[in-house]
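Have a look at this prediction, sequence included:
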Amino acid sequence: MQLDPQDLKSIEIYKILTALVSPRPIALVTTVDRQGRINAAPFSFFNAFGANPPVLAFAPGDKEPGVPKDTARNIRETGQFVVNLVDEDIAQAMHDTSAPLSSGENELLFAGLSSVPSHLVKPPRVSESPASFECDSWGILEIGFNRIVIGVVKYMHIRDGLLDAQTFRMLDNEYKPIGRMQGPGVYCHSTERFDLDITGK
C-alpha cells in the first residue's frame, strides 16, 4: 500500500497510525482545575523525549472540535500535571478513567483508584501507579488540530523493587507495563522480552 495523507480523512489516518505505531506506553495524567478538582485521563500518544532535562510529552485531543479536553484546559490554567504509568494491576481502572464523565467529576473515584499528594506540584499522583512523574508544563504546541503538551519532570516516585538502586536498571519481571494497540480498548502485555546483540558489521 502507498498512501498520501492528503487523500485520507483524519479518522482514517488515526486508524493507520494507531494500528502500526504500537505498542504505545500509556500516561494516566492527573491534573486539577482552578477550583482544585481532580481530573484523570489516559493517553497513549505519549513518550519520553529527553533526559537533560527529563522531558515527557503527550497529545490530548479535543472533546469536540474547538473544545479541549479537561486535561489540556487544566494544564493551560495551572501549568502542572502528573504522568502516572500503568501496569497490569491497574489496566482496567486506567481504562475506566476514559469514561465520558461530566467536567469536574473525579475519574479516579469512578475507577476505584486512590490519589495521594504530590511532592512539588498541585495535581495529586495515583497511589496504585508503579511510577509517577510530577511535571511543570514547558509548553503546548498546536499543529493543525493536534495538541502536544510538553512537560519537564520535577520529581519522580518509583515503587520500591522495580529498579536496582545502584544501576537503575529494571529488575527482571517486576515491572509489567501494558501497551496500547490500535484504537480504544485494545491493549497488550509486555512480559515476554528478549535481548539482542549486534552480530554483524
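Noted; the coordinates are in hand.

With H157 as the reference, measure out to the one residue sitting closest to the centre of the chain.
In the chain, the residue lying closest to the centroid (Cα atoms, centre = their mean) is A27, at 1.4 Å. Look at A27 and H157: by Cβ to Cβ, to the nearest Å, they are 14 Å apart. All C-beta atoms are positioned from the backbone trio N, CA, C, and that covers glycine.

Same check on V67?
Going from V67 to H157 by Cβ to Cβ gives 32 Å.

higher neighbour count, these two?
Relative neighbour count places H157 above the other of V67 and H157, with 18 against 9, counting by other Cβ atoms under 10 Å.

Specify the beta-bridge partners of the more buried one.
On the basis of DSSP bridges, H157 is bridged to S132.

which one's the longest helix in the protein?
Looking across the chain with DSSP state H, the single longest helix is helix 10-20.

which outside residues touch it?
Outside helix 10-20, the residues that touch it by Cβ atoms under 8 Å, 6 or more residues apart in numbering are L3, P5, L8, R24, S44, F145, R180, M181, Q182, G183.

Strands of this structure, residue ranges please.
Per DSSP state E, the chain has strands spanning 27-32, 38-43, 46-51, 54-58, 62-64, 67-68, 80-85, 115-116, 125-126, 131-143, 146-158, 179-180, 187-188. These are given in chain order.

list the helices and strands the first one packs on?
In this structure, strand 27-32 packs against strand 38-43, strand 54-58, helix 70-78, strand 80-85, strand 125-126, with contacts taken as 3 or more Cβ pairs under 8 Å, 6 or more residues apart in numbering; DSSP states H and E.

same check, this time on the last one
Using 3+ Cβ pairs under 8 Å, 6+ apart as the contact criterion, the elements in contact with strand 187-188 are strand 179-180.

ok now the strand it packs on, how far from the chain's centre?
Distance, stretch centre to chain centre, for strand 179-180: 10 Å (Cα atoms, centre = their mean, to the nearest Å).

helices or strands up against that strand?
By 3+ Cβ pairs under 8 Å, 6+ apart, strand 179-180 packs against strand 187-188.

and the strand it packs on, which strands flank it?
Partners of strand 187-188 in the sheet, by DSSP bridges, are strand 179-180 (antiparallel).
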